[in-house]
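sequence-free structure coming up:
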DNA sequence: GAAGGCTATATGCATGTGCATTAGATGTCC
DNA sequence: GGACATCTAATGCACATGCATATAGCCTTC
């Protein structure tokens, strides 16, 4: 039974930490760079990979968003000129997504904010562990 | 710089874990008991405290929801007959929230599902730590 | 090579969220 | 005691999300 209580405790910690940090990130990225958290994280995944362009599929694979949410996040990024979508010639169902110059710049700026917020609000692992 | 990388790593782990677990909880609670995650967590906070009734304020204090989101969650719970709202006589700006019999029963049932899902999907602290 | 099944992305729709504001109650200062 | 700041909760609004479905391309089987 104690393990049950510990489980719940871990869950509440996760819930609280996540909402706190995500909320702060959301506000800071929006105010400072006009990016939602999902948009930033999408850009981040896109740029992390060496390859300049990735298919929606690949992007979705290491993201937390549903397929539809990702589709719309990319649509918003494209509308803002931060990303470019191109048909994949080999398989025309696929879509390649690539960060534009503007996207790369915006990401570089936003990354500073992202890190600063994490440094301030992301609880250390120790804290998480000990509660 | 390594600490920077570790920070990001922790964040991504948090992001992924949260979305995985929250998603599973949401579906399981909705399918099995007609409760959203927020509704369950609200009920849970309400019943955890020994006192049968709590003010919105107090509830809000240890929850992750915004004031407006909590207000609406309680409204939905009331509409479902799981909770009852009553004016606070001492300070008529305040509102007392109390779980009804039905609410207590529903919570007891849902709690089983909640725990089961956590046991299955909530990564152990060790895993979180080691990545 | 036509049919049917599968895969990759986009979109209609219902819903939950946060922010800003509103409505109502309390308290304070003169 | 009247004006004004403060506090509590509810609500209008814009928007991101997930689910189900639509659309379009590919692939296998006959």
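Cool, the structure landed. On a predicted model such as this, the values are computed, not experimentally measured, just so you know. Numbering: from 1, shown residues only, chains lettered A, B, ... in the order given.

report the buried residues of the helix or strand hosting residue A:31.
Under the criterion of DSSP states H and E, residue A:31 resides in helix A:2-33. For helix A:2-33, the neighbour count (16 or more other C-beta atoms under 10 Å in any protein chain shown) marks A:7-8, A:10-15, A:17-18, A:21-22, A:24-26, A:28-29, A:33 as buried. Every C-beta, even on glycine, is put in place using the N, C-alpha and C of the backbone.

then stretch A:86-95?
Judged by neighbour count (16+ other C-beta under 10 Å), stretch A:86-95 contains these buried residues: residue A:95.

do stretch A:47-66 as well
For stretch A:47-66, by 16+ other C-beta under 10 Å, it's A:47, A:53, A:54, A:56, A:58, A:59, A:60, A:63, A:64, A:65.

and that stretch, how far apart are its ends?
20 Å (C-alpha to C-alpha, to the nearest Å).

please apply the same query to stretch A:85-100.
Length of stretch A:85-100, first residue to last, C-alpha to C-alpha: 10 Å.

quick check: mean pLDDT across the helix holding residue A:31?
Averaged over helix A:2-33, pLDDT sits at 93.

pull the distance from it to the chain's centre.
15 Å (C-alpha atoms, centre = their mean, to the nearest Å).

other SSEs contacting that helix?
helix A:37-48, helix A:101-121, helix B:2-33, helix B:101-121 (3 or more C-beta pairs under 8 Å, 6 or more residues apart in numbering or on different chains; DSSP states H and E).

one step back: reformat the buried residues of stretch A:47-66 as a markdown table; add secondary structure.
Output for the buried residues of stretch A:47-66, formatted as a markdown table (DSSP: H, G, I helix; E, B strand; the rest coil):
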| residue | secondary structure |
| --- | --- |
| A:47 | helix |
| A:53 | strand |
| A:54 | strand |
| A:56 | helix |
| A:58 | helix |
| A:59 | helix |
| A:60 | helix |
| A:63 | coil |
| A:64 | coil |
| A:65 | coil |
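
among those, which ones lie close to chain B?
Filtering those for proximity to chain B (criterion: C-beta under 8 Å from any C-beta of the partner chain) leaves residue A:64.

ok, the buried residues of stretch A:47-66 vs chain B, which is closest?
Chain B has its nearest neighbour among the buried residues of stretch A:47-66 in residue A:64, at 3.8 Å by C-beta to the nearest C-beta.

so what's the closest one closest to, chain neighbours aside?
Distance criterion C-beta to C-beta, 6 or more residues apart in numbering or on different chains; nearest residue to residue A:64, sequence neighbours excluded, is residue B:19 at 3.8 Å.

do the same with residue A:103
residue A:82 is the one closest to residue A:103 (C-beta to C-beta, 6+ apart), at 3.5 Å.

pLDDT score for the one you found?
At residue A:82, the predicted lDDT confidence score is 96.

for it, grab phi and psi.
Taking degrees, to the nearest 10, you get phi -100, psi -10 for the backbone angles of residue A:82.

in contact with it, which residues?
With contact set as C-beta atoms under 8 Å, 6 or more residues apart in numbering or on different chains, residue A:82 has these partners: A:39, A:43, A:99, A:100, A:102, A:103, A:106, A:107.

out of those, which are buried?
Burial by neighbour count, 16+ other C-beta under 10 Å: within the contacts of residue A:82 this picks out A:39, A:43, A:99, A:103, A:106, A:107.

residues contacting the first one?
Contact partners of residue A:39, counting by C-beta under 8 Å, 6+ apart, are A:29, A:73, A:76, A:77, A:82.
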